[in-house]
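*Asks:* Sharing a sequence plus its predicted fold:
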Amino acid sequence: MAVSGRAGATRPTATGSFEGSTVFSYVWPTTIDPWEVGFDHDSGILALAVTSHPDFDDTPLFDESRDGDRANDGGEWHMHWVVLGPDEACGLGALKVQDIPEGAAPRLPRTWPGVPILIDSPGWQPMLDRETVEVRVPFDDISVVRGANFDGVTAGLRINASAHAPLLCVTDVFKVASGDLSLPGQVND
């Protein structure tokens with residue numbers, strides 16, 4: 001994704017609390033079925049997201065800062081798969097990362113970080129260089145990618161102040177590459 005300004009230069013300010021904290025994100029919503037990365041079929045809009053959020057760490061399997069502590073890396077830019085869906089509780093026409101209702105047992109990827117939303121933390125490192133954000137994602141079946149479309153979005157998200165559903169809402173859309181979220185992009189091999 002090409003961005004105006006320096007990629008990753010702006011990060012959210014730490015609040016000292018999980019509840020009400022902010023997430024900055026570069027997001028690629030796709031037409032790929034969430035099943036392809038470990039979620040249930042047709043569970044929402046699968047998006048690849050490169051995020052920074054200094055108030056919490058949601059990649060418990062990885063130490064992005066390489067300091068020996070796997071629980072302090074939320075502020076580092078890192079990658080997730082998320083499943084998005086509409087929720088008016090987040091605002092008129094707004095999206096959220098899909099919540100997992102209490103007692104539900106959806107299909108989840110092996111690297112799901114244990115939070116009650118449809119998110120995966122597979123550990124692929126994003127590359128932020130000058131005006132570019134790039135993530136290389138391996139797929140067993142390249143036809144999944146070749147047949148897919150995507151868009152590019154820069155966005156702000158917020159953890160609900162009560163830490164309950166909806167847990168993670170898209171609160172600000174700063175820019176949409178296509179201008180209208182029509183998902184016109186196609187993946188290069």
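*Replies:* Thanks, I have it.

*Asks:* use CA for all of it now, contacts and neighbours both
*Replies:* Noted.

*Asks:* Closest to the centroid, which residue in the chain?
*Replies:* Ala49 (3.2 Å; Cα atoms, centre = their mean).

*Asks:* pLDDT value on that residue, please?
*Replies:* Ala49 carries a pLDDT score of 93 in this model.

*Asks:* what do you get for Glu19?
*Replies:* Predicted confidence (pLDDT) at Glu19: the value is 86.

*Asks:* Next one: it from Val170, what distance?
*Replies:* 15 Å (Cα to Cα, to the nearest Å).

*Asks:* Ok, Val135 next?
*Replies:* In terms of Cα to Cα, Val135 sits 21 Å off from Val170.

*Asks:* picking that back up, quick one: which of Glu19 and Val170 has more around it?
*Replies:* Val170 (23 against 17; other Cα atoms under 10 Å).

*Asks:* was I right about that one contacting Glu88?
*Replies:* No - counting by Cα atoms under 8 Å, Glu88 is not a contact partner of Val170; they are 11.1 Å apart.

*Asks:* shared neighbours of these two, anything?
*Replies:* Counting by Cα atoms under 8 Å, 6 or more residues apart in numbering, the contacts common to Val170 and Glu88 are Ala94, Leu95.

*Asks:* Tell me how many other residues crowd Pro116.
*Replies:* Neighbours around Pro116, by other Cα under 10 Å: 18.

*Asks:* Now the phi/psi pair for the spatially closest residue to it that is not a sequence neighbour, please.
*Replies:* Leaving aside its sequence neighbours, Pro116 sits nearest to Ile100 (Cα to Cα, 6 or more residues apart in numbering; 5.0 Å). Main-chain torsions, Ile100, degrees, to the nearest 10: phi -100, psi 110.

*Asks:* Tally up the residues packed near Ile100, please.
*Replies:* 16.

*Asks:* Look up how far Ala47 lies from it.
*Replies:* From Ile100 to Ala47 the distance is 17 Å (Cα to Cα).

*Asks:* And Gly16, by the same measure?
*Replies:* 27 Å.

*Asks:* cool, and Asp129?
*Replies:* For Asp129, the distance to Ala47 - Cα to Cα - is 21 Å.

*Asks:* Name the residue in those two with the higher neighbour count.
*Replies:* The neighbour count for Asp129 versus Ala47, taken as other Cα under 10 Å, is higher for Ala47 (24 against 13).
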